[in-house]
Every structure is written in structure tokens, then in C-alpha cells.
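Novice: Mind folding the following:
(2 chains)
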Amino acid sequence: MSFDLNFIGILIGAIMASSVPLILAASGELITERSGVLNLGVEGMMIIGAISGFALMVVTDNLFFAVIGSMFSGLIISLIFGFLTQTLLTNHVATGLALTIFGIGMSAMIGKNFVGIPGKEFPLLFVNLKESIPFLGPIFFGHSIILYFAFGLPFLTNYFLKKTKTGLVVRAVGDSPTSASNQGINVTLVRYSCILYGGAMCGLAGAYLSLIYTPQWIENMTGGRGWIALALVVFATWSPIKVLIGALIFGGITILQLHMQAVGLRIPVQLLSALPYIMTIIVLVVISRDSRKIKLNTPTSLGQIFYKEK
Amino acid sequence: MIKIEKRNDVSRSIYLLTPVLAIFLTLFGGGIIFYILGFNPIEALKFFFITPISDLYGLSELLVKATPLCLIAIGLSFCFKSNNWNIGAEGQLIFGGIVGGGVALLLYNHNGFYVLPIIILSGAIGGMIFAIIPAILKTFFNTNEILVSLMLVYVAKLLLDYLVVGPWSNPEGFNFPETRQFSESARMPILFDGLRIHSGIFITLITVFLSWLILYKTYLGFQIKVSGLSLKTAKYAGYKGKTMIIIVFMISGACAGLAGVGEITGPIGQLHRNISPDYGFTAIIVAFLGRLNPVGIIFASLIVALTYLGAETAQIFLQVPKYTGQVFQGMILFFLLGSDYLLFFKIKFLGLKKNEL
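Specialist: Alright, predicted model coming up:
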């Protein structure tokens, strides 16, 4: 088989498409974690977003409502997590796990009547440019609007965290909730907002899967992408731009698996699939042994319960 | 007016009653969800929680599912009591299954009483080895054990997938992703004819008893509990924190590995892709619901096992997906964690004061 430029362009386009849900979910979770909250419910929020987006598309026949609705339901389900961890001061890890377990079950229950219904075609932008420009065309054009949003999001997140006052507040709350609280910041409110934002982004990531990537509803269709997104945040050492790079690497691995037989490589597919997890563990070891590196971006109070004596 | 006050001491009766409260709230919440989905809630709950255990076969199935859940949760209680967050019991279960299964395939042509004990032991060691990874990384590199143990779950799943599709797949299996059936001497003896309940339940019961001994009657158990309550105190007392982290992970991993090998030599009888319906994750709920107490965990494992069974029955009678069980499992944990608020805070309902009127 020939390695013409256009094929490589199409391959890169496919890698970009497969990294979109990872970028969206990881960017959302990154903000949540920077405020000091560890939400292990990413997978659950994504799958809820996936089913509600698809169900709304079928019921309303309107893709705009479907996308907005998926974000809204991600937000609602993360509210359960927020209420438990922030108001009732429950353990973040256990609550997040419960959210994932609950989300997978709930989505299957709602989705019972939506199995086997074909999806609707999602409008793609600049399709003519995609076909007329070789190599660069399939990379930059012919994608859905959500993809363009996803690729801009890490830069927006970076700007938000580093350059805006609200971003500074989020970081302060994550690094030292007690001092932030003494400065008059409402820690609980900030954390609630970050949890809800994370939920909305995970919902959108799920909708991307059920509306655009594989436009249909299948039980458990997120297939562990939520866990990869969680790994990605750590892999990126809580830096938004590195989330983008990491998502492209992890997305690339997914696409590579599909094309491996065609290329004739003899590496077990499972080894490739395991790479994101193994790489994340290695990154964790590298950053954790050096206390300066881990302090750089890691929210110091990650996963700790904050209670203000009234 | 509602006033919330912090309690000075945790009330023991509330501590034991909140799990019961959580179960009732879950039933109530489940009823509402069934109602919204257009079922008669009472009827649906009956299919879920009563029909499955109304005959001998059902009761045996309940124990078949509670056996691994209880075993894993007991192991996890060692970790959780000492504030070590082992979230990867599912991976340790699978790796225990892989090692035990590998030995079972190796001893395929052997017959004798020694075959099964060797397989069980190697499964426990497999789970133990897999659990040592996050423990060692935590003690020597200061990594977060939650994330490492979680990532390893997927590594174990993919390794199992590779083995049953590739090198270990049944040579006469028409390329199905499974190994050959283990020989008869590699299988857990069945307790009653016609029922699936197997002698793995004795392993679980013995482990529960040993855990109770270790936790409540030995110095190690005391150290584990103290480090869970206050790391500083443990340090002042001169406990070897690092050794203890590794020990609790080893115990926990061994239990999960035993559960894995119990599944493949018990009800399954071979290795295939799905040797566990997320028992390792669900056991976390069991450990919490049982209040990390050996006796509590026995009861909790029966209740959570019932959600698995109920989902299977409801799938047949109500045509709801088998994942419905997870709705209940998630809700139990939500309500349990939430009602713990009552442990630490007093909610006082006060009348309106005069000057507020």
C-alpha cells in the first residue's frame, strides 16, 4: 500500500476526531481537580451525556437541543456529586466511583428504548475545502463544530487559569482552601462551580460520541474513555496544553490499532490499548519522586474535604 | 429554623443504623425511578429483591455472587482502615485469575488432590503481586495509589484479553476468545447437586474469621487502625508506615486474587474475557456498607449480591437492561455516604424565636 500524503492527512484527521472526547472530558476534569476536587465519576457523567444527547436528538429531532441538553444533564448528574462532597462532606473517591457506577446503570435504563435507532447526520464544516486541498484539507477541514471547540478549549482553559482573576481564585482554592477561605473566598461555591463545569464538559464529551463519532446509542458506549480522560489529566500534570498533546497521543494509539493490521505490524492490539495506562503510571512515578515537579501544577488539596467551622 | 451543629463524639447507634437507612432510601429511590420509567414500583421492586431469592436455586446463586464480593471487601477493609485507597481490586482479581488459570492450564493433565490447592495459592499470589505495584510505587516514589491501582485494572483486563485471544486460547475452540475448560481436579467441588454454590464459600468464611483475628486481636491490626485514625500518632508510636502500606496492599491483593481464582475454578471453569462483572469495584461498596467490619461485610455482600441477581431477574421479567443493578449499587453508596453526615453533625429543628417573628 502506498503512503501518499493525502492518506496521512486523513489519518491525522481521524486521530483528531478520536481525541475530541478525551480533550473535552479531561479539560473539564482538569478545572474540577485544580479546585481541589477529585471526581472519579468522569465515565459516569460521559455516558449520561451520551444517552441524553442521543435521546434528545431522537425526541426533538434537533441537534442543537441535543448538544445543549447533554451538557445540561452532565451538569445535573455532577450536582449529585457536588452536593454529596461539598455539602454533606463525603469522601471524593467513593462518591466519584458511585457516580460512575450509577451513571452507567442509569444510562442503560434510559437508553433501553433507543437501542438500534440510527443516528442523524451531524453537519460538518468546510467539507468542500477538505476535498479540494490535499493533505492539509482533511486535517483542518470537514470537522464538526464540536471538534473545533475542543481544540480551542485547552488554550482557553490555560488562559483562564493563568491570566484571569477567577482562574487565580480556582487555583488558590485548590492549593490552599483554608487560606483562600480566610481571604474571604467562598471555597464551597468555587468548588461547586468547578464540579458543575466539569460535569457539563463530560456531558458534551459523551454527546460527541453518540451524536458524531459513532452516531447511535450502545450500552456502555464510552468504553473506558472516562478513565483514560482521568489518566490524561495526571499524564498532563494538570496543564491544559499538555492535555491536548496527551489526547492526541492517546487518540493516535486508538487509530493506530485500527490501521495496524493494514500496515502489517505484529504488535498485540492489547499492548497498544494498554499504553495510555502504562504511560500514565510512568509519568506519575516521574513527577511524584520529584517534589518540585509535583508542586508545580498539582492542586495541593486534591481530594481533601474542606469544612469551615461556622 | 434548622440549626446544624458538629457532634463531639460519634454515636455508635447511628453508626450502625445509617447503612440500614441507606438501604431503605435506595429502595425508595429505586421505586421512584421504576415509576418514572412506567413500571408499577412495588411490582418491579418485588421482581428485583424478592423473586430472585424465593427458591433454593436463587439462594444458592446469591451465595455464589456474595462469595467473591465478601472476600474482596474483607481485603479492602485492611487498606481502607489504614487510609490506603486501593481502587484496583478488579485488576488484582483479574491478575489472580490469570495466574491461577495459567497454572490450571499447565496442570491440565494432572489428576490429584494437590492440583486445586496449587491453583488457589498461585491465584492468591498473583493478586498479591499485582497489588504490591501501587504499594511500592507509593512508598518509594510517593505516587498516588488511587490512580496507579485504577490504571492497573485496565492493564490487567487487556492482558487477559491478549491471553485468551492469543497464546492461551483453546486449540479446539474455533477461535472463540476463551481457554479450554479446566480439568475436573482443577474445579472447586460443588456443595449440592444441581446448584452452583461451591466450596469457595469456605475460603471466604475462613478469610473473614482470620481478618477478624488480625484486625481485633493482634498488634498489626491495632497498628492498622491507629494509622487510619491518625498518621501522626502512628509516626510518634514508631510504626513502620512503609512496611504497613505494603502489608495491607498484599492482604487486599491476595483476597482479590483468591476471589478471581475462585470464580474461574468455581462457576466459570475456564478463562475468558469477562471473568468478573466488576466485582472488584462493587466490593468497594460492600466494604463501605459493611462499615469495614468483618461481620458487617458479610451482610453487606449478601445485599449487594442481591442487586446483581435482581438485575438478572428484572432483565427477564421487566425487559430492563442488566446494568440496572448498577443504579441500585450506585444509589446505596450515595445514600450511605450522604447519611454519614448524621454521624458528624447534629441537625436541630428549633422553633422560631420571638425576635425573628
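Novice: Give me the below-cutoff pLDDT ranges for the chain.
Specialist: Reading this off chain A. Along chain A, segments meeting pLDDT under 70 span A:1-3, A:261-265, A:291-296, A:309-310.
Novice: try again with chain B
Specialist: Ranges of chain B meeting pLDDT under 70: B:1-2, B:348-357.
Novice: can you pull out the strands in it?
Specialist: For chain B, strands defined by DSSP state E occupy the ranges B:2-6, B:345-349.
Novice: Nearest to chain A, out of those?
Specialist: strand B:2-6 (7.4 Å; Cβ to the nearest Cβ). The way it works is simple: take the backbone N, C-alpha and C, and place the C-beta from them, glycine included.
Novice: Tell me how far the closest one lies from the chain's centre.
Specialist: Chain-centre distance of strand B:2-6: 35 Å, with Cα atoms, centre = their mean, to the nearest Å.
Novice: Neighbours of residue 64, how many?
Specialist: Since you didn't name a chain, this refers to chain A. The local packing of A:Phe64 (other Cβ atoms under 10 Å in any protein chain shown) involves 10 other residues.
Novice: nope, chain B please
Specialist: 22.
Novice: dump the residue contacts of the nearest residue to B:Leu191 once chain neighbours are set aside.
Specialist: Counting by Cβ to Cβ, 6 or more residues apart in numbering or on different chains, B:Ile197 is the residue found nearest to B:Leu191 once chain neighbours are left out, at 5.0 Å. For B:Ile197, the contacting residues are B:Ser60, B:Leu63, B:Val64, B:Ile190, B:Leu191, by Cβ atoms under 8 Å, 6 or more residues apart in numbering or on different chains.
Novice: Just the CA atoms of the helix or strand harbouring A:Phe65, as PDB, please.
Specialist: Using DSSP states H and E, A:Phe65 falls within helix A:63-82. Output of helix A:63-82 as PDB, limited to C-alpha atoms (Å, rounded to 0.1, in the frame of the first residue of the first chain):
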ATOM      1  CA  LEU A  63     -29.200  18.600  17.200                       C
ATOM      2  CA  PHE A  64     -28.700  21.900  18.900                       C
ATOM      3  CA  PHE A  65     -31.100  20.900  21.700                       C
ATOM      4  CA  ALA A  66     -29.400  17.500  21.900                       C
ATOM      5  CA  VAL A  67     -25.900  19.100  22.400                       C
ATOM      6  CA  ILE A  68     -27.100  21.700  24.900                       C
ATOM      7  CA  GLY A  69     -29.200  19.000  26.700                       C
ATOM      8  CA  SER A  70     -26.300  16.600  27.000                       C
ATOM      9  CA  MET A  71     -24.200  19.300  28.700                       C
ATOM     10  CA  PHE A  72     -27.100  20.100  31.000                       C
ATOM     11  CA  SER A  73     -27.600  16.500  32.100                       C
ATOM     12  CA  GLY A  74     -23.900  16.200  32.700                       C
ATOM     13  CA  LEU A  75     -24.200  19.200  34.900                       C
ATOM     14  CA  ILE A  76     -27.200  17.800  36.700                       C
ATOM     15  CA  ILE A  77     -25.600  14.500  37.400                       C
ATOM     16  CA  SER A  78     -22.400  16.200  38.700                       C
ATOM     17  CA  LEU A  79     -24.700  18.200  41.000                       C
ATOM     18  CA  ILE A  80     -25.300  14.900  42.900                       C
ATOM     19  CA  PHE A  81     -21.500  14.600  43.300                       C
ATOM     20  CA  GLY A  82     -21.200  18.300  44.300                       C
END
